[in-house]
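Enquirer: just coords:
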């Protein structure tokens, strides 16, 4: 039997199918609606119609590619995996070397950002500098430019500030991205920025390129609004999917605060865990430490291969066998600026729902490894003589382990224990 890895891992196929069924039809409808709006949007036709007047290229602007970007941003709204590709196209159309779209400008750079490949170097540099490095550009842009207005680095800083402020110096000298242009627009009450970058050996951005950016902003803003709606649909779909397989589920934001709970999770809150001051906590102090470790691992998962198992928290409760809690990141959400849910905590009720295998038995019922092996074998339908043979122990030892297991699991007959263990192992990782 494999080590216990995740309460929800074996649910993924079912959950994914249900989620796709929910979101694909909605995505298709929204994309069709957006395409109709794009065709009908005479304002956009007029703006992008200016580009061919200049022969299709205005300085660094490639007008033949710029017009198609509006359609691409609508597509990325319902398919977030396209962001990197579309931003690379944006940089190319504007004669830039990199492009980025981001929100939450005053948090860690890994939260709320999509970018083209060249901007990865800037992000790596920022992370190497640590928390002491301050990026003043988003603040300046919000203070000095109106929403929908494109500006350059020279509009935000004096020559002295460009030569001396640490972020400006590092971006230009260490990363090589000296020239910057962009602006912000409001999406669901928060600023979202679209920026493009150019290397120092090239010319700075000119007015025509800023006008091209401003022509894009309304489309990016509208697409971003739809992306928010799609992200909410996906989040709700996740909760519904786990409800269908009998698992409590709680969506968390990037700070670990609960956003939404499915009905099963709501029913489990109260005795073993609760929401206190906006955060999920276990009522038992020792269990709460384990729960916070589960949440932390879900929000900041270890690199692939770093750990064989995800942490599990066993949450005791009076009058019941307890609850297993395990977390996992929401797929693709860690750098999706429009997916508010960044992690999900799955709850398995030992008295009512699906669960796990030997490690889960040990965690939930405080069994010894030997007791867990005996209990697992009982769940598979083996009798004591078979178990003794399989585990190379005497029948008396097997009987002693069984007696201890039944006491710890509050079961009174071998058949009752078999049903309990089988239920817990029903969705174990295969």
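Expert: Structure's in. What do you need? As the structure is a computational prediction, the values presented were derived from the model and not from experiment.

Enquirer: now the strands for this protein?
Expert: 57-58, 61-62, 98-102, 113-115, 151-152, 179-187, 190-198, 248-252, 258-261, 273-276, 279-282, 313-315, 323-329, 343-349 (DSSP state E).

Enquirer: With respect to residue 406, which of the ones you listed lies nearest?
Expert: Judged by CB to CB, the one of those that comes nearest to residue 406 is strand 313-315, at 18.5 Å. C-betas here are computed from N, CA, C, even on glycine.

Enquirer: Can you work out which other helices and strands pack against the closest one?
Expert: Applying 3 or more CB pairs under 8 Å, 6 or more residues apart in numbering; DSSP states H and E, one finds that strand 313-315 contacts helix 285-299, strand 323-329, helix 358-365.

Enquirer: Distance from the chain centre to it, please.
Expert: Centroid separation for strand 313-315 versus its chain: 23 Å, with CA atoms, centre = their mean, to the nearest Å.

Enquirer: hang on, the earlier thing: what's the most buried one of the helices and strands packed on strand 313-315?
Expert: strand 323-329 (a mean of 25; mean count of other CB atoms under 10 Å).

Enquirer: Adjacent strands (with direction) for it?
Expert: strand 313-315 (antiparallel), strand 343-349 (antiparallel) (DSSP bridges).

Enquirer: Run the angle between it and helix 285-299 for me.
Expert: Angle, strand 323-329 to helix 285-299, by axes from the mean of the first three to the mean of the last three CA atoms, to 10 degrees: 20 degrees.

Enquirer: All the helices of the stretch 101-250 of the chain, in order from the start?
Expert: 117-129, 137-144, 153-156, 159-164, 166-169, 207-244 (DSSP state H, counting those that start in this stretch).

Enquirer: Need the winner for burial among the ones you listed.
Expert: For the helices of the stretch 101-250 of the chain, the highest mean count by mean count of other CB under 10 Å goes to helix 207-244, at a mean of 20.

Enquirer: what separates that helix from the chain centre, distance-wise?
Expert: Relative to its chain's centre, helix 207-244 lies at 15 Å (CA atoms, centre = their mean).

Enquirer: ok, back up a step: between the helices of the stretch 101-250 of the chain, which one is nearest to residue 193?
Expert: Nearest to residue 193 among these is helix 137-144; the distance by CB to CB comes to 6.3 Å.

Enquirer: Show me what the closest one packs onto, helices and strands only.
Expert: Applying 3+ CB pairs under 8 Å, 6+ apart, we find helix 137-144 packed against helix 153-156, strand 179-187, strand 190-198.

Enquirer: can I get those in TSV with mean pLDDT?
Expert: Formatted as TSV, these follow (pLDDT from 0 to 100):
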stretch	mean pLDDT
helix 153-156	96
strand 179-187	92
strand 190-198	92
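
Enquirer: Rebuild these as a markdown table, extending it with distance to residue 319.
Expert: What follows is the helices and strands packed on helix 137-144, written out as a markdown table (distance: least, CB to CB, whole Å):
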| stretch | distance to residue 319 |
| --- | --- |
| helix 153-156 | 61 |
| strand 179-187 | 47 |
| strand 190-198 | 44 |
